[in-house]
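Asker: Compute the structure for the input listed below.
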Amino acid sequence: MSTKSVHEDDQTADGRRQRSSRSRARVLDAIYEVFADADLDVTPEHIAARAGVSLSTIRRHFGDIPRLSHAMREHILGRILPILQSPPSTGSREQRLRAVVACRREVFEIVMPGMRATPIGERGGAARARADRKELESVLRAHLTATFPDELSGEKGLLRGEMLSAILSFGAWEHLRTVRELDPERCAELLERAARPLLDD
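Answerer: Numbering: from 1, shown residues only. Next up is the predicted model:
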């Protein structure tokens with residue numbers, strides 16, 4: 001085989017890998033859109049239609065729906081961890097609180113559609129969803145403690161931390177966004193106002 005033929009084969013293989021990667025990314029992006037649409041029942045067909053791919057493409061990339069759910073969790077994790085693992089904010093309590101709320105706003109808006117994706121077609125999906133939420137809240141609590149090390153130390157600080165974690169939780173955000181139907185800016189404002197007295201105490 002000539003050097004030219006080998007080069008052409010490599011280019012063809014690279015092209016296939018790039019197309020495959022783009023196709024996989026479209027599927028993962030489509031899951032976000034489908035799960036964010038409260039009026040749409042989530043099925044593989046809806047995901048395929050939204051992504052503009054066939055069901056066989058989904059099966060080729062992910063095997064089955066439970067594996068697709070797992071890929072979605074990993075996709076979400078890859079987006080939120082860099083946000084939560086950034087150095088803690090500095091400055092006054094007010095500045096740090098505002099930064100924490102802004103961080104949670106960004107994380108929660110990423111996480112919210114994906115939280116619905118976990119149980120589909122997956123045995124023990126409800127338990128998996130609860131475990132995902134628990135893991136998220138654990139990471140959020142660590143981020144909160146790193147941002148307010150002095151304020152959350154000692155016996156009084158432990159109670160304050162529990163109350164702050166509840167006020168600034170994903171559950172609180174989800175309630176304001178889906179039940180109260182408030183926009184993200186208003187939700188962030190309410191969480192900050194609710195949390196501020198605890199830090200001023």
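
Asker: just the helices in the chain please.
Answerer: For the chain, the helices identified by DSSP state H occupy 3-36, 44-51, 55-62, 65-84, 93-117, 125-147, 154-167, 170-174, 184-200, in order along the chain.

Asker: May I see those arranged in JSON lines, with mean pLDDT and mean neighbour count as well?
Answerer: Where C-beta positions appear, they are placed from N, C-alpha and C, glycine not excepted. Conversion of the helices of the chain to JSON lines gives the following (pLDDT from 0 to 100; neighbours: other C-beta atoms under 10 Å):
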{"stretch": "helix 3-36", "mean pLDDT": "68", "mean neighbour count": "13"}
{"stretch": "helix 44-51", "mean pLDDT": "78", "mean neighbour count": "18"}
{"stretch": "helix 55-62", "mean pLDDT": "82", "mean neighbour count": "16"}
{"stretch": "helix 65-84", "mean pLDDT": "79", "mean neighbour count": "17"}
{"stretch": "helix 93-117", "mean pLDDT": "87", "mean neighbour count": "18"}
{"stretch": "helix 125-147", "mean pLDDT": "84", "mean neighbour count": "16"}
{"stretch": "helix 154-167", "mean pLDDT": "93", "mean neighbour count": "14"}
{"stretch": "helix 170-174", "mean pLDDT": "93", "mean neighbour count": "17"}
{"stretch": "helix 184-200", "mean pLDDT": "96", "mean neighbour count": "16"}
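
Asker: show me the contacts for residue 50.
Answerer: 30, 33, 34 (C-beta atoms under 8 Å, 6 or more residues apart in numbering).

Asker: Show me how the chain divides into domains.
Answerer: Each structural domain of the chain that the record assigns through automatic domain parsing is listed here as a residue range: 1-63, 72-201.

Asker: Off-centre distance for stretch 188-201?
Answerer: Using C-alpha atoms, centre = their mean, to the nearest Å, the distance from the centre of stretch 188-201 to the centre of the chain it belongs to is 24 Å.

Asker: go on, stretch 91-99?
Answerer: Shown here is stretch 91-99, whose average C-alpha point lies 23 Å from the average C-alpha point of the whole chain (C-alpha atoms, centre = their mean).

Asker: hey, C-alpha coordinates of that stretch in CSV?
Answerer: This file holds the C-alpha atoms of stretch 91-99, laid out as CSV (Å, rounded to 0.1, in the frame of the first residue of the first chain):
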residue,chain,number,x,y,z
GLY,A,91,-14.3,39.2,50.2
SER,A,92,-17.0,40.2,52.6
ARG,A,93,-19.8,37.9,53.6
GLU,A,94,-22.1,39.7,51.3
GLN,A,95,-19.7,39.2,48.3
ARG,A,96,-19.1,35.6,49.1
LEU,A,97,-22.9,34.9,49.5
ARG,A,98,-23.6,36.6,46.2
ALA,A,99,-20.9,34.5,44.5
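
Asker: From residue 156, how far out is the nearest residue to residue 102 once chain neighbours are set aside?
Answerer: Of all residues beyond its chain neighbours, the one nearest residue 102 is residue 188 (6.9 Å), with distances taken as C-beta to C-beta, 6 or more residues apart in numbering. Noted for residue 188: a distance of 26 Å to residue 156, by C-beta to C-beta, to the nearest Å.
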